[in-house]
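In: attaching a predicted model along with its sequence, questions to come.
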Amino acid sequence: MAQSAPREIEKLREQIRYHEHRYYVLNDPEISDTEFDRLMKRLEALEREHPGLVTPDSPTQRVGGQPAEEFPKVRHSVQMLSLDNTYNLDELRDFDRRVRELSGRDAVPYVGELKLDGLSMALTYEGGALARGVTRGDGATGEEVTANVKTIRSVPLKINQKKLKALGDGKRFEVRGEVIMTLKSFEAANAQREAAEEPRFANPRNAAAGTMRQLDPRIVAERKLDMFAYFLMVDGRPALAEHWKSLDALAEMGFKVNPHRRLCRTFDDLLAYIQEWEAKREKLDYEIDGIVIKVNDTRLWEELGTTHKSPRWAIAFKYPARQATTVVKDIRAQVGRTGTLTPVADLEPVDVGGVTVSHATLHNMDEIERLGVKIGDTVLLQRAGEVIPQVLKVVKSAPDGRAFHMPRKCPVCGGEVHRVEGEVAYRCVNAACPAQLKESLLHFAGRRAMNIDGFGDALVDQLVDKKMVQDVADLYRLKQEELAALERMGEKSAQNLLEEIEGSKKAELARVIFSIGIRFVGERTAQFLADHFSSLDKLAKATEEELCQVQEVGPKIAQSIVEYFGEKRNRDALDKLKKAGLQFEQKKVQKAEGELTGKQFVLTGTLPNYSREEMTKMIEDAGGRVIGSVSKKTDYVVVGADPGSKLEKAKSLGIKTIGEAEALKLLK
Ligand code: IVH
């Protein structure tokens with residue numbers, strides 16, 4: 001080998017740290033997931049060969065070790081204070097006046113930050129490496145949860161030496177911030193808990209806090225927490241004279257710092273910032289419950305001091321909770337794709353923080369029992385981000401409230417409803433139930449599944465009600481005339497739809513496996529199954545033991561897969577899909593030789609329909625390369641909403657810029 005192992009290991013670690021930062025902190029990866037995995041696998045192999053060279057700050061050490069017995073108690077270097085809250089602007093003005101009076105200044109610049117709804121955490125770094133992560137606890141003493149913190153990919157395990165310069169000798173410093181769970185991870189965690197018969201987390205903050213208390217870091221790693229840093233301290237003091245500069249320094253060192261911070265030179269700037277985010281918080285992928293306002297000049301922090309529990313140089317302005325009370329008019333069972341009956345509350349429509357809500361899911365019978373909710377009751381609702389509204393509790397029981405019972409017959413097809421032993425779910429066992437078929441079709445055509453554009457509720461209702469399709473395979477037999485005759489369809493849209501359906505035949509095996517809707521088989525599992533078996537026919541014949549050999553497949557998933565293929569109806573539909581020409585084998589990964597071979601693409605901004613990963617994959621599949629920054633060698637810059645500086649760079653270099661639609665045309 002040309003390089004010595006220690007050198008290669010160090011080099012790989014640096015590369016991996018760099019790419020982790022691009023991906024998890026900047027959301028701007030430069031290489032594909034496959035390339036990243038390749039670097040990681042290489043490092044793992046080298047470390048296996050040379051166990052003496054493994055260090056705790058190696059990127060391979062994020063998830064590892066045995067579950068802890070308990071968390072040691074650790075005293076904080078400096079008390080972790082909490083903040084005074086206010087809900088009104090007059091009190092905020094009082095705060096500003098007090099700060100100005102106490103400091104003897106006419107105007108005091110503030111830093112405005114989003115108030116992230118999670119749990120606070122103190123990280124200690126020694127010699128540039130993460131040494132300890134401690135929860136807030138009672139403010140004076142917290143619990144050491146280092147192994148759990150290490151699983152958070154946006155938390156750097158090691159800081160580049162050059163970047164430590166700003167901190168004097170950089171031997172030891174402390175970073176404080178908020179550990180959060182994004183709404184996406186929250187939904188995923190709850191879906192998993194439901195499947196495992198565990199109670200749902202009430203909200204992302206509880207989910208993040210509950211996860212941090214897990215003794216097994218492997219479970220923490222699965223839940224995908226994130227952390228934003230908001231304090232940088234050396235020797236228990238603010239590291240720099242301006243808080244704003246500390247935040248920049250943290251970002252420079254590789255921490256994730258919330259990008260929506262703002263330096264407000266005047267009180268009016270601050271008011272504008274608060275107002276702006278009250279509306280914009282709706283669009284965030286995590287919950288905030290207000291704005292934190294901190295005096296920018298950290299030398300004033302000591303002058304202003306603290307009360308017994310909160311500083312006089314900071315305050316939290318809290319937004320009103322997006323809650324409302326309303327009456328439950330009815331509770332009914334909705335039938336899903338796998339036949340599961342989910343209780344849904346029909347509500348007296350009510351405005352919850354600017355959105356009219358008329359339904360809320362009650363998840364399952366256990367949840368109804370926990371809430372004790374009956375038809376006629378008045379309930380408290382809460383809405384977060386763009387997720388489904390939740391019923392928090394019953395605020396007034398109706399004297400004549402009617403209890404909800406799961407129907408014994410499916411409300412859609414009249415088929416038998418069974419409660420599967422050992423599960424909370426009730427299920428309609430009629431595989432031909434139109435409600436199930438409709439949901440299956442929508443799932444099959446979904447963007448992450450076969451990605452058949454133009455396939456919505458109205459169309460599915462007609463196709464099923466008119467008996468034009470009896471299973472998903474019938475989609476591939478639809479004729480232009482019969483489609484064009486449907487409501488809200490014309491010649492042109494019928495033709496487009498047929499083209500989309502035809503195009504879906506190219507979808508890879510993993511997508512096909514995901515699309516057919518086997519219970520518990522999500523996208524990720526489908527990918528593992530495709531990689532393992534390379535063929536749908538082989539998957540269909542696999543036994544439970546064989547299936548358990550596949551990454552992340554346990555007895556429960558294995559059983560569900562065997563049951564799926566055991567049903568004649570499903571096997572018949574699959575035969576039809578195979579005849580229709582869907583990909584039942586894993587294609588060998590080969591780079592297409594085409595016009596795009598070797599062409600360089602750069603992505604910037606948010607595309608309307610495709611994620612960055614999806615677009616990257618499509619470009620790579622077409623033989624192109626996606627790189628992180630624009631240079632003279634770039635061929636195309638694909639521009640989405642809110643593009644970054646890459647767009648300006650492209651313009652100045654005269655590089656061709658295209659939108660998503662044009663990119664898709666090129667890729668066809
Ligand atoms: S500063 C003494 N900044 O809010 C200063 N806290 O109610 C206290 N929080 O315990 C922390 N986002 O868990 C600060 N940008 C932010 C924050 C933030 C969320 C939480 C934190 C703190 C609580 C105080």
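Out: Sure, I can see it.

In: would you enumerate the residues in contact with Gly177?
Out: Gly177 makes contacts with Ser120, Met121, Leu123, Met227, Phe228, Ala229, Tyr230, Phe231, Phe255, as judged by Cβ atoms under 8 Å, 6 or more residues apart in numbering. Where you see a C-beta, it was placed from the backbone N, CA and C, and this is true even at glycine.

In: switch the residues you listed over to CSV; also include distance to Asp377 and pLDDT.
Out: CSV is the format used below for the contacts of Gly177 (distance: Cβ to Cβ, whole Å; pLDDT from 0 to 100):
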residue, distance to Asp377, pLDDT
Ser120, 36, 97
Met121, 39, 98
Leu123, 45, 98
Met227, 39, 98
Phe228, 38, 98
Ala229, 44, 98
Tyr230, 41, 98
Phe231, 44, 97
Phe255, 46, 97
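
In: between these, which is closest to the ligand?
Out: Distances from the ligand to those, taken as Cβ to the nearest ligand atom, are shortest for Ser120 (3.4 Å).

In: which phi and psi does the nearest residue to that closest one once chain neighbours are set aside have?
Out: Spatial nearest neighbour of Ser120, excluding adjacent residues (Cβ to Cβ, 6 or more residues apart in numbering): Arg136 at 4.7 Å. Geometry field for Arg136 lists phi and psi as phi -70, psi -40, criterion degrees, to the nearest 10.

In: if I look at Arg136, how far off is Val327?
Out: According to Cβ to Cβ, to the nearest Å, Arg136 stands 39 Å off from Val327.

In: over to Phe404?
Out: 15 Å.

In: which regions of the chain sit below the pLDDT cut-off?
Out: By pLDDT under 70, the low-scoring segments of the chain are 1-2, 166, 197, 385-387, 588-593.

In: give the contact list for the closest residue in space to Gly659 that isn't next to it in sequence.
Out: Spatial nearest neighbour of Gly659, chain neighbours left out: Val639 (6.1 Å); criterion: Cβ to Cβ, 6+ apart. By Cβ under 8 Å, 6+ apart, the contact list for Val639 reads Thr604, Gly605, Leu647, Ala650, Thr657, Ile658, Gly659.

In: what segments of the stretch 201-350 of the chain are helices?
Out: Here the stretch 201-350 of the chain has its helices, by DSSP state H, counting those that start in this stretch, at 204-212, 217-223, 243-253, 267-280, 299-304.

In: buried stuff in the second one?
Out: Right, the one you point to is helix 217-223. By 16 or more other Cβ atoms under 10 Å, the buried positions in helix 217-223 come out as Pro217, Val220, Ala221, Glu222, Arg223.

In: before we move on, what about the first one?
Out: Of the residues in helix 204-212, Pro204, Arg205, Ala207, Ala208, Ala209, Thr211, Met212 count as buried by neighbour count, 16+ other Cβ under 10 Å.

In: surely the third one meets Phe201?
Out: Yes - judged on Cβ atoms under 8 Å, Ala207 makes contact with Phe201 at a distance of 3.7 Å.

In: which residues do those two both contact?
Out: Common neighbours of Ala207 and Phe201 (Cβ under 8 Å, 6+ apart) are Phe186, Ala189, Asn190.
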